[in-house]
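Peer 1: Predicted model, plus sequence, below.
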Amino acid sequence: MPDPLPNLLPAELARYSRHIMLGEIGVEGQRKLAAARVLVIGAGGLGSPAALYLAAAGVGTLGIADFDRVEEHNLQRQLLHDATSVGEAKTGSAARRLRAANPFISVVEHGEGVTPTNARALFAGYDVIVDGTDTFATRYLNNDAAVLAGRPLVYGSIFKFEGQVAVFDPAHGGPCYRCLFPTPPPAGSVPNCGEAGVLGALCGVIGSLQAVEAVKLITGIGEPLRGRLLTYDALSQTFRNLQVARDPSCAVCGEHPVLRELLAENYQMDCALPPAADETPTDYPLEVSVTEARQRLAAAPGRTQLIDVREPYEVEICRVEGSVFIPMRQIPASLGVLPKDRHLLIFCHHGARSMGVTQYLRANGYPAVTNVAGGIAAWAEKIEPGLRRY
């Protein structure tokens, strides 16, 4: 049988010589990269470094899917674009930059983005999918399409100073995004980066890690983040590896999947914070420090309750004794069950998610709800130094 991998030109051998010097990659690995097709979804904060490094690495066909246009505020972190690109379609701006970075690769623009209508067929035309999107609707759509198409999905997400990376690949025994997050958080519970902000350089860290994972998947080197969630905290400059098990009851990759089609109505979720409404008069403050939260718990233990809205894997790392654990996504189902005769103190990791939950509960008839600023990170710093940090 003929060798399916392309031969490299002398100019390509010279360009990729530092890759080829690596015994784990060599000429054979570089030829695999040249034969590979990678789709990067989102030419933004994560897609910019991921696409740039994949182009520089010599990925033969690089697809860029994005329906958006470049805006001024993008330039703080989206390095595929510059001031002359403002107003231009992101795919066009990105393709121009990537082709200039490496004339030996092919860049394919998908200006319509990823939709329930085109996702499955689009993903089937690529070997690896890199998800650089920033909304829950698109993450669930990308995950489901990747599972149905049998393609590995390199997931990345960022929030303020934190980031996450994982490889979701049920076709090779790993979990999918829904195994980790079965359902999206409640509407109005999570601010996006436009509302909460994001450190520009954080995008470079997480997007570059996504590129590394894609290269590993293509060349077969190392151990991909399959079944693991890598978390990064830029403020403490720490990484953590958390195990993620495949969920046998997962709606899309489980033993009896119920999601077999990409129906548009399944991806209409909106988890962004709603416009601020007039605050209902209340004797309870919107937010307190961890010190004041502890004082309130001590002063009225029977009338004050600490609610932890983090994810299950986070609670396994550390928890505050006496707190009640209700994952953020289960808050809507808890309406009517949560006591209204108690002052509910809501906390998460750093206080952003819990603020969204606090506002959500207040908007749904719970005036005695208060966010704990700084979350369990501040609690560990000021109240219980012995708590494990992450």
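Peer 2: Ah, there it is.

Peer 1: Tell me the helix or strand right after the worst-scoring helix or strand of the chain on mean pLDDT.
Peer 2: Using mean pLDDT, DSSP states H and E, helix 193-196 stands out as the lowest-scoring helix or strand of the chain, at a mean of 54. Next along the chain after helix 193-196, taking DSSP states H and E as the criterion, comes helix 200-219.

Peer 1: Not counting its own residues, what contacts the next helix or strand along the chain from that next one?
Peer 2: Sequence-wise, the next helix or strand downstream of helix 200-219 (DSSP H and E) is strand 228-233. Residues outside strand 228-233 that contact it (Cβ atoms under 8 Å, 6 or more residues apart in numbering): 161-167, 180, 202, 205-206, 209, 238-244, 313, 390. All C-beta spots, glycine's among them, are computed from the backbone N, C-alpha and C.

Peer 1: Keep only those of these that are in strands.
Peer 2: Here DSSP state E is the test, and the contacts of strand 228-233 give 162-167, 238-243 as lying in strands.

Peer 1: And those, which two are furthest apart?
Peer 2: Val167 and Thr238 (20.8 Å; Cβ to Cβ).

Peer 1: So those two - more neighbours on which side?
Peer 2: A direct count of neighbours by other Cβ atoms under 10 Å for Val167 and Thr238 places Val167 higher, at 26 against 11.

Peer 1: And the strands in the protein, which stretches?
Peer 2: According to DSSP E, the chain carries its strands in the segments 37-41, 61-65, 106-110, 128-131, 153-159, 162-168, 228-233, 238-243, 287-288, 304-308, 324-325, 343-347, 369-372.

Peer 1: got the ones you listed as TSV, with mean pLDDT columns?
Peer 2: Formatted as TSV, those follow (pLDDT from 0 to 100):
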stretch	mean pLDDT
strand 37-41	98
strand 61-65	98
strand 106-110	98
strand 128-131	98
strand 153-159	95
strand 162-168	97
strand 228-233	95
strand 238-243	94
strand 287-288	94
strand 304-308	96
strand 324-325	96
strand 343-347	97
strand 369-372	96
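
Peer 1: can you put these in a markdown table and add distance to Arg294?
Peer 2: Listed next are those as a markdown table, based on distance: least, Cβ to Cβ, whole Å:
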| stretch | distance to Arg294 |
| --- | --- |
| strand 37-41 | 44 |
| strand 61-65 | 48 |
| strand 106-110 | 52 |
| strand 128-131 | 39 |
| strand 153-159 | 26 |
| strand 162-168 | 25 |
| strand 228-233 | 24 |
| strand 238-243 | 25 |
| strand 287-288 | 10 |
| strand 304-308 | 9 |
| strand 324-325 | 16 |
| strand 343-347 | 9 |
| strand 369-372 | 10 |
